[in-house]
Each structure stands twice: as structure tokens, then as C-alpha cells.
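*Asks:* Model the following, please.
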Amino acid sequence: MPVFEEKKTTSPDSPLKKKRSSRWSDLWVTKSKPLKHVVFSMHLQPLSTPSNDLHCKNLNSDFSKIDRTLLLSDELLLKILLKLPDSQRNPNSLVCKRWLNLQGRLVRSLKVLDWNFLESGRLILRFPNLTHVDLVNGCVALSRNSGILVNHRVVSVHVGSRFLPNWRVCEGILLSVEMVDRGLKVLANGCHNLRKLVVINASELGLLDVAEECSKLQELELHKCNDKVLRGIAAYENLQILRLIGNLEGFYTSLISDIGLTILAQGCKRLVKLEFWGCEGSFDGIKAIGQCCQMLEELTFCDHRMEAGWLAAISFCENLKTLKFLSCKKIDPTPGPDEYLGSCPSLERLHLHKCQLREKRSLRALFRVCEAVREVVFQDCWGLDDNIFSLASVCRRVRQLSLEGCSLLTTQGLESVILSWQELQSLKVESCRNMKDSEVSPALSTLFFVLKELKWRPDNRSHLISSLAGTGIGKRGGKFFKKTSRESISIGLASAM
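*Replies:* Predicted coordinates:
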């Protein structure tokens, strides 16, 4: 960038004045041809003539005085832009067209809202290095300016003011299967490094196109999926994370049965994490997954429609470490005899969120299968009273227990179970209004003293933590743990107070 100096002039009639500093516009007008002449000469002169080459060199030299970034290569400028914080990336793309194109090459994750942007090929030209693409909102035919926004845990769409008679907001506004498959083919041909894909209403042909071109795909989320669509998943050799959404109440419905689960098990043997949302099936489908997917470590069921007796198949998942139930109205009403249930020896975590736990026989079978679990979490579960919670006493290796929003469970019911857990190290109790500080027995307070981590806030009136602050709680086994661990325990106590 040129440096300009200020010069002083004097006159006998006027005081000392400063000459106006040079501006970029002056430099452009005085040291280069007018822009229209430059464009005119570019049109008239052939690109190969020596005079035109000399003119381009002069023009580039003038531009270099204005924008020094023109001297940097694209690769070097990309490294510089990559070092900037995310908050500055969008403003940087407004500098010029070159920076806009370079910024598009830095984008890795994108949620498509306009399907024409994808199908026309402009998406690939604008963002050639995408690795994570979400197509769900783009598959909805209505505009984003529609008056109603419907949110769900896994999908959020803009819908019109008229609903279908069955009150499923997505059934009549989704793009056709043929259009979705065409868009998937365009995406597959342009994004060979794709790692994650989220799509709705696709067919097995569209998924096969993605599998052929995107061999590095590791995570796939399929909405409105059925047994026929699952035949296209067998071609994904490196797939590790799969989320299948068959029925989404209020949005759409589809069928996933044992046929699809068996196809899935035989084709995706490298799965590490598997989630079922609104899927149907039975013992045979879950057993096939357990036998074929030997690397499976995390299994999630959300609002499942499984047939009776399916729970016994969980024991075939020998390397399963995490089992989750989300928004399930039932677990397994007819689990069968205990001798057929089996257990998961490698299971470490059992999480239940917003589930209905009123069936004693069902919970008894669940805890029997998960008797080797080390961490148990109950959050906002209906029906979890003292009788249901007492069934968890068979899980004698529990080290961490978290209870949140369990309003029916009392202090006596909690004490009757956790006193038998000899390996318990961490206890968190929040928003459980039937637990009172006055009901804490001496045996339970002794257990509180030897715990490594305690968070006791059953209601807003609880003052137990403040009374235990100076008793040395959280120091059990302190010499076996790092200093950072003890500091985190103290911070947790302070925040709880």
C-alpha cells in the first residue's frame, strides 16, 4: 500500500494550510485508464497479443497497489481466513467475489432450505467442500415465509395454515421421491467427501447413488423411512452412526419392521451407534442386529412400537455400552420368563428420559437385562414411585445415579435401594419434590459423607448441601485421584449451594 505524506504550503496572505491527502479515487483516475476504456480494450484486443499482455501487467500492478491480497495465492489466503473466528467469516465474504468464493470453500456443514439451489448445481459450485449436509427443510414444498413453524426434537418445518385430516403436517407438503433422488444424485456427484447426510422421503435408488460416490459417509439420518428404503443402506461400507425415523407423531408415518431390521443388520456390520424413532419390530429384528453388528456400542429407542417380548433380544448385543429410552409409552409389557432374558455384561449406562414407567413387570425385566450397568439416569419419567424404583436393587454395580423430575419417589424409597449399592460414588437429585431434608436418616447421611460427588436439590427449600459444606464431603479416596478431580467436586458443591 503506498504511503502518502502531508505537505505544508504558505502564502503571504493566508496562514499555514495542509494540503489534502491523496485518495484512492485520485490514484485510480491519475495512474490508470478509465474503467470503461479498460473494459473496451479487453474486448477489442486479442488475449495473445504482446500489447495486451503488457496492458494486463500494468493493470495488475495498479490493482496490487490497491489490494495487496491479490499478491497472495488462494491456498495461502485460505489458511489465513481459516484462522479467523467464526463470527468474522460471514462479513469477510462481503469484501469481494474472490473472498466470497474462498469463504464458500471453507464451509463444511450446511442446512439446505431451497431445493432448487441444490438441484441446479449452484450449491456444489458455491460450497464444493461440504462434509455435513441436512436436506430435510429443503424437501418441504412450502416456503420459509409460511405462517406456522412446527418444532420437534429432530425436525423443524414451516407449514401452511391448513392441515391434513390426520393432522400430519408433513404428509402433503413433501417433495416427491423422484425429486429427492435427483437432488441426492447431484449432491453425490459434487460432494465426494461427504461424512454426514440428513434426508427425508428418499428411495433406495437415491441412497445407492450417494453410496457409490461418497464412500467416506459415516453418519446417516433417514426420515420417513421404510423397509424398502433400507435395502439401499447395505452399500454404505463405512457407516458408523445411523438414525432411522419411521413414525413421527404429528408429522408423518411409515413402517419399519423386522424385514428392514434384518436387511440393516446384514448390510451395516460396522455400526457403532444406532437410533430407532417410532420404529416397529420384534425379538427377531433386534436379535439380528445384535448378532451381526458386533461393534454396536450405543442403542437408542424413542417412542418405539416394538412387539411384546423384544426386550430379551438386547442380550445379544454383547458389546453394548449405552442403552437409552426416550419418550417411550412402554418398554415391554410381556417380556417373558427370566431365563430367556439374559443380560448385557458390557453395559455401562442406562438412560430413561420422559418415559412412562408404570408397568412393574416391564421394569423388572429391564433391570434384569441391565444388571451390570454402572450409570443410571431417570429424567422426567412418569410412574417412577418407590415400588418401581425398588426393582433397580438388582443392579448392584451402580456407581452413578441421577434423578431429575421424579416427583413420586420419596426419600425412603431412595434409601432402600442406594444403601445396598456398595460401589455408589455419585448421586444427583434434582426437582424431586417428595424428597425432604427432614427425612434423611443417619444411614443416608453417612452415605452422603463418603460419596465422591453429591448434588442434592430435591426442591427449592433444601438446605442440606449448605449444612454439609464443612464436613469433608467428597474427600473419600482423595489420594487416589488427581487434584483437578477434587477441585471439580468442590466447584460442584459450591454451585449446588
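*Asks:* show me where pLDDT drops low in the stretch 101-250 of the chain?
*Replies:* For the stretch 101-250 of the chain, the stretches flagged by pLDDT under 70 are 101-102, 104, 141-172, 250.
*Asks:* which stretches of it form helices?
*Replies:* Remark: helices assigned in the stretch 101-250 of the chain by DSSP state H, counting those that start in this stretch are 115-119, 122-126, 177-190, 204-213.
*Asks:* Of all the ones you listed, which one is nearest residue 80?
*Replies:* Taking CB to CB, helix 122-126 is the member of those nearest to residue 80, at 20.6 Å. (Each C-beta comes from the backbone N, C-alpha and C, glycine too.)
*Asks:* What about the nearest residue to residue 267 once chain neighbours are set aside, how many residues nearby?
*Replies:* With sequence-adjacent residues excluded and distances taken as CB to CB, 6 or more residues apart in numbering, residue 267 is closest to residue 234, at 2.6 Å. Residues within reach of residue 234, counting by other CB atoms under 10 Å, total 19.
*Asks:* Quick check: residue 234 touching residue 268?
*Replies:* Yes - shown here, residue 234 and residue 268 form a contact pair, counting by CB atoms under 8 Å, at 7.0 Å.
*Asks:* Quickly note the distance from residue 338 to residue 222.
*Replies:* 36 Å (CB to CB, to the nearest Å).
*Asks:* Settle it for me: which of those two has more neighbours?
*Replies:* residue 222 (25 against 12).
*Asks:* Excluding chain neighbours, what is closest to the more buried one?
*Replies:* Per CB to CB, 6+ apart, closest to residue 222 is residue 244, 5.7 Å.
*Asks:* Any idea how many residues pack against that neighbour?
*Replies:* Neighbours around residue 244, by other CB under 10 Å: 24.
*Asks:* Please report how far it lies from residue 289.
*Replies:* Noted for residue 244: a distance of 11 Å to residue 289, by CB to CB.
*Asks:* Next, show the common contact partners of those two.
*Replies:* 264, 274 (CB atoms under 8 Å, 6 or more residues apart in numbering).
*Asks:* What are the structural domain limits within the chain?
*Replies:* 24-66, 142-496 (automatic domain parsing).
*Asks:* which ones are touching residue 423?
*Replies:* 396-399.
*Asks:* Check the gap between it and residue 392 for me.
*Replies:* 14 Å.
*Asks:* who touches both of these two?
*Replies:* residue 398.
*Asks:* ok so, going back, nearest approach to residue 132 belongs to which of the domains of the chain?
*Replies:* domain 142-496 (4.3 Å).
*Asks:* rewinding a little: now that we have the contacts of residue 423, which one has the most neighbours?
*Replies:* Going by other CB under 10 Å, residue 398 tops the contacts of residue 423 with 25 neighbours.
*Asks:* Hmm, it is touching residue 372, no?
*Replies:* No - under the criterion of CB under 8 Å, residue 398 makes no contact with residue 372, lying 9.8 Å away.
*Asks:* show me where the stretch 351-497 of the chain has helices.
*Replies:* With DSSP H, counting those that start in this stretch as the criterion, the stretch 351-497 of the chain has helices spanning 360-369, 386-390, 411-418, 442-450, 464-467, 483-496.
*Asks:* Give the buried residues for the second one.
*Replies:* Put plainly, it is helix 386-390. Buried residues in helix 386-390, counted by 16 or more other CB atoms under 10 Å: 386, 388-390.
*Asks:* what's that helix packed up against?
*Replies:* helix 360-369, helix 411-418 (3 or more CB pairs under 8 Å, 6 or more residues apart in numbering; DSSP states H and E).
*Asks:* Next, format those as CSV and append mean neighbour count.
*Replies:* Below are the helices and strands packed on helix 386-390 laid out as CSV (neighbours: other CB atoms under 10 Å):
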stretch, mean neighbour count
helix 360-369, 20
helix 411-418, 18
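*Asks:* okay if I get those helices as CSV plus distance to residue 180 and mean pLDDT?
*Replies:* Output for those, formatted as CSV (distance: least, CB to CB, whole Å; pLDDT from 0 to 100):
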stretch, distance to residue 180, mean pLDDT
helix 360-369, 38, 93
helix 411-418, 50, 94
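*Asks:* Next one: residue 239 from residue 209, what distance?
*Replies:* Taken as CB to CB, the span from residue 239 to residue 209 is 15 Å.
*Asks:* Once you drop chain neighbours, what's closest to residue 393?
*Replies:* Counting by CB to CB, 6+ apart, the residue nearest residue 393 is residue 417, at 5.0 Å.
*Asks:* need the contact list for the one you found.
*Replies:* Here residue 417 is in contact with 389-390, 392-393 (CB under 8 Å, 6+ apart).
*Asks:* Looking at those residues, spot the one nearest residue 378.
*Replies:* So of those, ranked by how close each gets to residue 378 (CB to CB), first place is residue 389, at 8.2 Å.
*Asks:* mind checking pLDDT for the closest one?
*Replies:* Note on residue 389: pLDDT of 95.
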